[in-house]
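Undergrad: here is my input, please return the structure:
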Amino acid sequence: MSHLLRNALLLLTITLVALGNAVAQQSNNTPVNTEEQAEQQRAAAFYQHLLTHVFADDINYLSALMNYPLLYGDDDNRNSGKPSEIANAEEFVENYHHIFTPTIKRVLACRHADDFFTNSEGVMVGAGSLWFSLTYIGDDSTVRPIDYLDDPRYWQLKVVAVYDGAHARRDAEQCEAGQ
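TA: I've put the predicted structure just below:
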């Protein structure tokens, strides 16, 4: 069995297990009783949705889940404060394999909603390999309808940054080792 096929089967298995866990959690019928729990569930659902399309390499669909300009890069340009930027969906499609690298996919396959770190910038996956955030998608000439944060006509979760490099490799190795 080729190395590529073996890795593809491993990623498929991890994805199916993650999706099975998500379905099991949803069938628990535990009522959501706080706004924070609702936000956590929304973030987890977005992440599962993202994983499904990343592991299917559904590039055109994924382009709609990105916020532009999308920040990406490796440790050098991340730490210098000068990450690369993807300006639009067309550029994302052209550069997809430089953004969602095998290392990034390993991190995503191993990390779960329980591992998320959140702050005012959004939700961080792993050691900062991927960030997503609630993003305003309405007409910029209008007042942002803060009272409608749950309305997808105005606000959607979008990926805002993807960073590869030594930290991502270390994160993937630690996660796969159960740490």
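
Undergrad: and the residue lying closest to N95 once chain neighbours are set aside, what does it touch?
TA: What sits nearest to N95 in space, not counting adjacent residues and going by C-beta to C-beta, 6 or more residues apart in numbering, is I86, at 6.0 Å. Just so you know, the C-beta spots here come from the backbone N, C-alpha and C atoms, and that holds for glycine as well. I86 is in contact with 66, 68-70, 72, 92, 95, 99, counting by C-beta atoms under 8 Å, 6 or more residues apart in numbering.

Undergrad: and I86, bridged to which residues?
TA: Taking DSSP bridges as the rule, I86 bridges to L70.

Undergrad: okay, it and H98: tell me how far apart.
TA: Counting by C-beta to C-beta, to the nearest Å, the gap between I86 and H98 amounts to 9 Å.

Undergrad: got any residues that touch both of these two?
TA: Y72.

Undergrad: before we move on, back to that, out of the contacts of I86, which sit inside helices?
TA: Using DSSP state H, the members of these that fall within helices are 92, 95, 99.

Undergrad: include pLDDT and neighbour count when you put these into TSV, please.
TA: Output for the ones in helices among the contacts of I86, formatted as TSV (pLDDT from 0 to 100; neighbours: other C-beta atoms under 10 Å):
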residue	pLDDT	neighbour count
F92	97	23
N95	95	15
I99	95	21
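
Undergrad: of those residues, closest to Y154?
TA: F92 (22.5 Å; C-beta to C-beta).

Undergrad: for the closest one, which residues are in contact?
TA: Contacts of F92 (C-beta under 8 Å, 6+ apart): 59, 62-63, 66, 68, 70, 86, 99.

Undergrad: now for those residues: which two are most distant?
TA: I59 and Y68 (14.9 Å).

Undergrad: partner strands of the helix or strand containing F132, parallel or antiparallel?
TA: Assigning secondary structure by DSSP states H and E places F132 in strand 130-136. Strands adjacent to strand 130-136 in the sheet, as given by DSSP bridges, are strand 122-125 (antiparallel), strand 155-163 (antiparallel).
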